[in-house]
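# sequence and computational prediction follow.
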Amino acid sequence: MAFVFRAVSVLLLSCLSLVAQDWPYVGHDPGGNRHSSLTQINRGNVTRLQLAWTFDTGDWSDGSTLSRSSFEATPLVINNILYVPSATSRLYALDAETGEQLWMFDPEIDKSVPRNLFVNRGVSSWTDGKRRLIFLGDIQGRLWALDAKTGKLDPQFGDGGKVDLRVGMADKFPNARYGPTSPTSVCGNVVIAGSLVSDGEPQGPSGDVRGFDTQTGKELWRFHAVPHPGEPGNETWQAPDSWKDRGGTNAWSLLSVDESRGLVFLPLTSPSYDFYGGDRKGAGLFGDSVVALECKTGKLRWYYQTVHHDLWDYDLPAAPVLVDVKKDGKTIAAVAQVTKTGFLFLLNRDTGEPVLPVEERPVPKSTMPGEESFPTQPYSVKPPPLARQSMTAADLTDVTPESHAECVANTQGAKLDVKMYDPLGEQDQVVFPGLNGGANWGGASYDSGTGLLFVNTMDVGGLFHLQKRREGSAIPYALRAKKYEFFTDANGYPCQRPPWGSLFAIDLATGDIRWRATLGEFDELKKKGVPKTGTPNIGGSIVTDGGLVFIAATSDRKFRAFDRDSGAELWVTQLPASGFATPATYLGKKSGRQFVVVAAGGGNKYDKVFTGKIVAFALPKGEESK
């Protein structure tokens, strides 16, 4: 019996070792910690990293003939095969050590349809121990199941290997956007799907989240993100039938799973329309809420709303990170949710109650006709805000005289002295944080050994007003920008004083900021002697037991490694284009080399260089054992 026990223990340890060496989930683990135990690349040798291989999907669009693209995918690495979707959802299987293509699947989306962006942030995986499937969602609203070895469709899943996710969700709105841009999550034998939905009008495709059988594709449950009559939360939609066909309130970002508890955690977004809510009076659950559901049934376990009656598009943009926090001699299972507002909410994983203090504070009242802004909003007391939440006229940029002059000219007649929850009006007004935050979908990484959570944020505001719409419109007012979508000058320099991008390390036991590093720089400003400013950033970090935090994300087309404990920048390299993605790291089974990979696609709203390249870095051959 002792021999059998030892054999089983050895097998279990071997399996755990393989998982540690691979990157089997977009967040490395189902709970999205993005933490690797690999140590081959460490503080002592990270400066010797060099390019190992590059793979070019050739799949990008600069917006000249088709919609723009953004290569935001984090690859999976399982059994030495790397799986990564391109911006238009072509799924590539590559040799993880050489970058050689093994197979490719093209869902052949209709590229002629105008979209905000061509984007796909990754795929998910399921196995029964005998076979493995890769689940690919595409922006056109289809969920595909493919054999991991061959790339062939699984005929047992849905209709010949696919499920049409638009059915039952977008039937009333056939021309509206609907489809996943982030990977599904797998919990047991359930694959759970959110989606991007059209949110430019009050009514639109449903933002409900659904669970499907991993083997058959059969829909198992549907969670009403906007509660129907008789369901908890429906009373928060105070106007008659304002819940009905409500757009938004969807999970366009990544989900997280606690397999032991059988729970999936959703980061839900703002209800539509994002900036005027006169037709949706009330708090508007489950808008802007962290929601915990039972994986098998979709039953609501708990929720926590981070913004009431959102009028600023402050979506929850990132995966809730499942963390175990040591506090006052106890270990608390918690959920760390970063936000566009710059607040971090640390919630009890079983109840949704705040672990770190939150205060409900009064906020200004809207003066717009028909609008009833919510009288209070939740303020996370610790940690302090991780992004700018206010501005005064004295904060206008002074990085160059030209930038200052342009920003002064662009803000003539605008309201500059603002705070975060000031409602918009018909006068131009600076908004902080802006449409992209704060934090965005790149979210956070967590090192359980040190108890540190790593979060990158940006400080790029907006300059907006509400404008009267023509008679007969679904709502009377809509958002308009004075000149640019973001509060920047013509060079893309934000119009307020730096810093413009930051990387934080937060001690979750206390809520204290351990360190803050300025993230990114503008080379032309550097040459003029301007201190490091930081840049807009899209994408996230990973942390390793080598004592390193790896992050690209910045618009300066660079990839960096920071010291996990001090925040010192230890390594930086140039990418072919900005890496608006989250990296992954893994150990090659044949070579024994640790690789760090990142998608470097540029584009989006912050880089004029577009590519479809994924690049891998490693120590020089022969140094892996040093």
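Happy to help now that I have it.

# show me what counts as buried in stretch 166-173.
166, 169, 170, 173 (16 or more other Cβ atoms under 10 Å). Where C-beta positions appear, they are placed from N, C-alpha and C, glycine not excepted.

# my bad, should have said stretch 297-312
So, applying 16+ other Cβ under 10 Å, buried residues of stretch 297-312: 298, 300-312.

# give me the subset of the residues you listed lying in helices.
Secondary structure from DSSP state H places none of those in helices.

# quick one: which of those residues is nearest residue 614?
Within the buried residues of stretch 297-312, proximity to residue 614 (Cβ to Cβ) peaks at residue 306, which comes in at 33.3 Å.

# leaving out chain neighbours, which residue sits closest to the closest one?
Nearest in space to residue 306, with sequence neighbours left out and distances taken as Cβ to Cβ, 6 or more residues apart in numbering, is residue 288 at 5.1 Å.

# surely that neighbour and residue 312 touch.
No. Contact status for residue 288 versus residue 312: not in contact, 9.9 Å apart, counting by Cβ atoms under 8 Å.

# anything in contact with each of those two?
Counting by Cβ atoms under 8 Å, 6 or more residues apart in numbering, the residues touching both residue 288 and residue 312 are residue 270.

# can you give me the helices in this structure?
In chain order, the chain shows helices spanning 2-21, 401-410, 523-527, with DSSP H as the criterion.

# least confident of the ones you listed, on average?
Per-segment mean pLDDT for these reaches its minimum on helix 2-21, at a mean of 47.

# what residues does residue 72 make contact with?
Residues counted as contacts of residue 72 (Cβ under 8 Å, 6+ apart) are 87, 119, 120, 121, 441, 538, 539, 580, 581, 599, 601, 604.

# can you lay out those as JSON lines showing pLDDT and distance to residue 415?
Rendered in JSON lines, the data for the contacts of residue 72 read as follows (pLDDT from 0 to 100; distance: Cβ to Cβ, whole Å):
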{"residue": "87", "pLDDT": "97", "distance to residue 415": "37"}
{"residue": "119", "pLDDT": "97", "distance to residue 415": "33"}
{"residue": "120", "pLDDT": "98", "distance to residue 415": "38"}
{"residue": "121", "pLDDT": "98", "distance to residue 415": "35"}
{"residue": "441", "pLDDT": "97", "distance to residue 415": "29"}
{"residue": "538", "pLDDT": "96", "distance to residue 415": "28"}
{"residue": "539", "pLDDT": "98", "distance to residue 415": "32"}
{"residue": "580", "pLDDT": "98", "distance to residue 415": "31"}
{"residue": "581", "pLDDT": "98", "distance to residue 415": "36"}
{"residue": "599", "pLDDT": "98", "distance to residue 415": "39"}
{"residue": "601", "pLDDT": "96", "distance to residue 415": "36"}
{"residue": "604", "pLDDT": "88", "distance to residue 415": "28"}
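
# could you flag which of those are buried?
Buried members of the contacts of residue 72, counted by 16+ other Cβ under 10 Å: 87, 119, 120, 121, 441, 538, 539, 580, 581, 599, 601, 604.

# nearest to residue 235 among these?
residue 441 (30.9 Å).

# pretty sure the closest one contacts residue 194?
No. Between residue 441 and residue 194 no contact is recorded; they are 12.0 Å apart, counting by Cβ under 8 Å.

# which neighbours do those two share?
Here residue 441 and residue 194 have 182, 253 as joint contacts, going by Cβ under 8 Å, 6+ apart.

# now distance to residue 387 and pLDDT too, for the buried residues of stretch 166-173, in JSON lines please.
Output for those, formatted as JSON lines (distance: Cβ to Cβ, whole Å; pLDDT from 0 to 100):
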{"residue": "166", "distance to residue 387": "35", "pLDDT": "97"}
{"residue": "169", "distance to residue 387": "33", "pLDDT": "97"}
{"residue": "170", "distance to residue 387": "33", "pLDDT": "97"}
{"residue": "173", "distance to residue 387": "33", "pLDDT": "96"}
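
# a markdown table for those, including distance to residue 113?
Shown next, in a markdown table, are those (distance: Cβ to Cβ, whole Å):
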| residue | distance to residue 113 |
| --- | --- |
| 166 | 13 |
| 169 | 17 |
| 170 | 13 |
| 173 | 14 |
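
# all the strands of the stretch 451-600 of the chain, in order from the start?
Along the stretch 451-600 of the chain, the stretches classed as strands by DSSP state E, counting those that start in this stretch are 452-458, 462-468, 477-481, 501-507, 512-518, 541-544, 548-551, 558-563, 569-574, 584-587, 594-602.

# need those strands in CSV (columns: distance to residue 395).
Written out in CSV, the entries for the strands of the stretch 451-600 of the chain read as follows (distance: least, Cβ to Cβ, whole Å):
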stretch, distance to residue 395
strand 452-458, 16
strand 462-468, 14
strand 477-481, 20
strand 501-507, 16
strand 512-518, 17
strand 541-544, 27
strand 548-551, 26
strand 558-563, 27
strand 569-574, 26
strand 584-587, 38
strand 594-602, 30
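
# to residue 387, which of the ones you listed lies closest?
Of all the strands of the stretch 451-600 of the chain, strand 452-458 comes closest under Cβ to Cβ, at 4.5 Å.

# who does that closest one touch, helix- and strand-wise?
Applying 3 or more Cβ pairs under 8 Å, 6 or more residues apart in numbering; DSSP states H and E, one finds that strand 452-458 makes contact with strand 330-338, strand 444-447, strand 501-507, strand 541-544.

# 10 Å - rerun?
The elements that strand 452-458 packs onto, with contact taken as 3 or more Cβ pairs under 10 Å, 6 or more residues apart in numbering; DSSP states H and E, are strand 321-327, strand 330-338, strand 344-348, strand 444-447, strand 501-507, strand 512-518, strand 541-544, strand 548-551.

# now do the contacts for the closest residue to residue 496 other than its chain neighbours.
If the residues on either side of it in the chain are set aside, residue 496 comes closest to residue 395, at 4.8 Å by Cβ to Cβ, 6+ apart. With contacts defined as Cβ atoms under 10 Å, 6 or more residues apart in numbering, the neighbours of residue 395 are 388, 416, 417, 430, 432, 461, 495, 496, 497.

# coming back round to it: redo the helices and strands packed on strand 452-458 as JSON lines? Include mean neighbour count and mean pLDDT.
Listed next are these as JSON lines, based on neighbours: other Cβ atoms under 10 Å; pLDDT from 0 to 100:
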{"stretch": "strand 321-327", "mean neighbour count": "20", "mean pLDDT": "94"}
{"stretch": "strand 330-338", "mean neighbour count": "21", "mean pLDDT": "97"}
{"stretch": "strand 344-348", "mean neighbour count": "23", "mean pLDDT": "98"}
{"stretch": "strand 444-447", "mean neighbour count": "27", "mean pLDDT": "98"}
{"stretch": "strand 501-507", "mean neighbour count": "24", "mean pLDDT": "98"}
{"stretch": "strand 512-518", "mean neighbour count": "17", "mean pLDDT": "98"}
{"stretch": "strand 541-544", "mean neighbour count": "26", "mean pLDDT": "98"}
{"stretch": "strand 548-551", "mean neighbour count": "27", "mean pLDDT": "98"}
